[in-house]
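Peer 1: Whatever this is, show me its structure:
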Amino acid sequence: MSTYSTTPRFLAGAVCPRCEALDRIKVYSKDDKDYRECVACGFLDELHFPGNTRELPTRVSAPEPSAGEDVVRILPGDSGKS
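Peer 2: The predicted model follows:
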């Protein structure tokens, strides 16, 4: 499965690993594979992404407390709602 579209897009701030040119890397998908290419020197590389990585739990992605858990309120009058 490819990550990028078939239309080439430039990556802002990307540096070419060969010629070190800034903002010259474009990424695209071709034949269900992802590629990065430097338009300055012609560097071409197939990109490989790890499959099914586990998302780290954060304040935003953490599940709501279950019925057996209590929310700790530190400040008096704090309703727990933002």
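
Peer 1: and residue 50, helix, strand or coil?
Peer 2: Recorded secondary structure, residue 50: coil (DSSP: H, G, I helix; E, B strand; the rest coil).

Peer 1: So what's the residue count around it?
Peer 2: Using other C-beta atoms under 10 Å as the criterion, residue 50 is surrounded by 5 other residues. For glycine as for every other residue, the C-beta is placed from the backbone atoms N, C-alpha and C.

Peer 1: Show me where this protein dips below the pLDDT cut-off.
Peer 2: Applying pLDDT under 70 to the chain flags residues 1, 51-53, 62-67, 77-82.

Peer 1: where do the helices sit along it?
Peer 2: Taking DSSP state H, the chain contains no helices at all.

Peer 1: Burial check on residue 16, number of neighbours?
Peer 2: Look at residue 16: counted by other C-beta under 10 Å, it has 20 neighbours.

Peer 1: Name the nearest residue to it, sequence neighbours excluded.
Peer 2: Nearest residue to residue 16, sequence neighbours excluded (C-beta to C-beta, 6 or more residues apart in numbering): residue 38, at 4.1 Å.

Peer 1: what's that neighbour in contact with, if anything?
Peer 2: By C-beta atoms under 8 Å, 6 or more residues apart in numbering, residue 38 lies in contact with 16, 18, 19, 21, 24, 25, 44.

Peer 1: can you give me phi and psi for residue 74?
Peer 2: phi -90, psi -40 (degrees, to the nearest 10).

Peer 1: circling back to that earlier point, what about the residue nearest to residue 16, distance to residue 23?
Peer 2: For residue 38, the distance to residue 23 equals 10 Å [C-beta to C-beta, to the nearest Å].

Peer 1: Having no further points to raise, I will conclude here.
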